[in-house]
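Asks: I would like the atomic coordinates for the input below:
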Amino acid sequence: MQLVLIRHGESEWNRLNLFTGWTDVELSETGRAEAAEGGRALAREGFDFDICYTSRLKRAIHTLDIVLTELDRSWLPVVKAWELNERHYGALQGLDKAETAAKYGDEQVRIWRRSFDVEPPALKPGDERDPRGQEMYRDVPAGCLPLSECLATTVKRAWPYFEREIMPRMRAGERVLVAAHGNSLRALVMKLEGLTPEEILEVNIPTGVPLVYKIDAGMRVIEKRYLGDPATVAAKMEAVANQGRARG
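Replies: Here you go, the predicted structure:
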């Protein structure tokens, strides 16, 4: 079975080094270029798909749009699922990562960003950032919508969705493309690869680079590779790892 994951390109808030979470921000020009290059990388190797999945956040949706344009596959069916949204960063959303690190310390921000089961400060109900008051989630039961999340709680919503909706399509022979976010994709990677909470914390998924899996009938990964120049991929991973540190 074939599965391709791609993290959205750089967003405007990535560019500004702000905590984004469920804030619905647009791709930057760099992010659009990253998405286009990801699509071209897939096209060069002859990839094709039967169905695509993304989140309800436009940075992921537009990344997928650009990838499909490069593949000349804009007509493919696309499912937009809130379960594939980025991790909700609670009251940190909109704050500058480096300034937050300078205020609270690099270690506290590292814990909020990269620990497995520690949630950042939650939004107060009724905050303008509360998803329960946003039109894009009007069909989602309020009790399902978070006010803050850690990676563990992101796994608890993203992986059951994958098992319920995506895995049966793969087992039926369909080729699946998922365009989502750093943490929702890490949730899938953790379960697909059988990683421990400690191991997944060391995984940094680069923006705009397709991650290709070949998976056997028992849902075991038999091959994994990023499409792209290894040095470029490594540099992007390092950039992800360095976010959230106080400026020197």
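Asks: where does residue 45 sit relative to residue 196, distance-wise?
Replies: Per C-beta to C-beta, to the nearest Å, residue 45 is found 31 Å from residue 196. Any C-beta I mention is one placed from the backbone N, CA and C, and that applies to glycine too.
Asks: How about residue 137?
Replies: Taken as C-beta to C-beta, the span from residue 137 to residue 196 is 32 Å.
Asks: Could you do residue 101 as well?
Replies: Counting by C-beta to C-beta, the gap from residue 101 to residue 196 is 26 Å.
Asks: The two: which is more packed in?
Replies: residue 101 (21 against 9; other C-beta atoms under 10 Å).
Asks: right, and the secondary structure at the more buried one would be what?
Replies: The assignment at residue 101 comes out as helix when based on DSSP: H, G, I helix; E, B strand; the rest coil.
Asks: how close does it get to residue 17?
Replies: In terms of C-beta to C-beta, residue 101 sits 10 Å off from residue 17.
Asks: give me phi/psi at residue 221?
Replies: phi -70, psi 120 (degrees, to the nearest 10).
Asks: my guess is it contacts residue 189, does it?
Replies: No - Residue 221 lies out of contact with residue 189 (C-beta atoms under 8 Å); the separation is 9.5 Å.
Asks: Neighbour count: these two, which is higher?
Replies: residue 189 (19 against 14).
Asks: Need the nearest residue in space to the more buried one, chain neighbours excluded.
Replies: For residue 189, ignoring the flanking residues on the chain, the nearest one in space by C-beta to C-beta, 6 or more residues apart in numbering is residue 203 at 6.1 Å.
Asks: how many other residues sit next to residue 117?
Replies: Neighbour tally, residue 117, other C-beta under 10 Å: 10.
Asks: Kindly provide the distance from it to residue 154.
Replies: Applying C-beta to C-beta to residue 117 and residue 154 gives a distance of 11 Å.
Asks: ditto for residue 95
Replies: 19 Å.
Asks: More neighbours: which of those two?
Replies: The residue with more neighbours, out of residue 95 and residue 154, is residue 154; 26 against 16, by other C-beta under 10 Å.
Asks: and the more buried one, what helix or strand is that in?
Replies: helix 151-161 (DSSP states H and E).
Asks: Now do the contacts for the residue most central in space within the chain.
Replies: Nearest to the geometric centre of the chain sits residue 181, at 1.2 Å (C-alpha atoms, centre = their mean). Residues in contact with residue 181 (C-beta atoms under 8 Å, 6 or more residues apart in numbering) are 7-8, 55, 57, 59-60, 84-87.
Asks: now do 6 Å
Replies: The contact partners of residue 181, taken as C-beta atoms under 6 Å, 6 or more residues apart in numbering, are residue 86.
Asks: try residue 4
Replies: 177, 210, 212.
Asks: Understood, closing this out.
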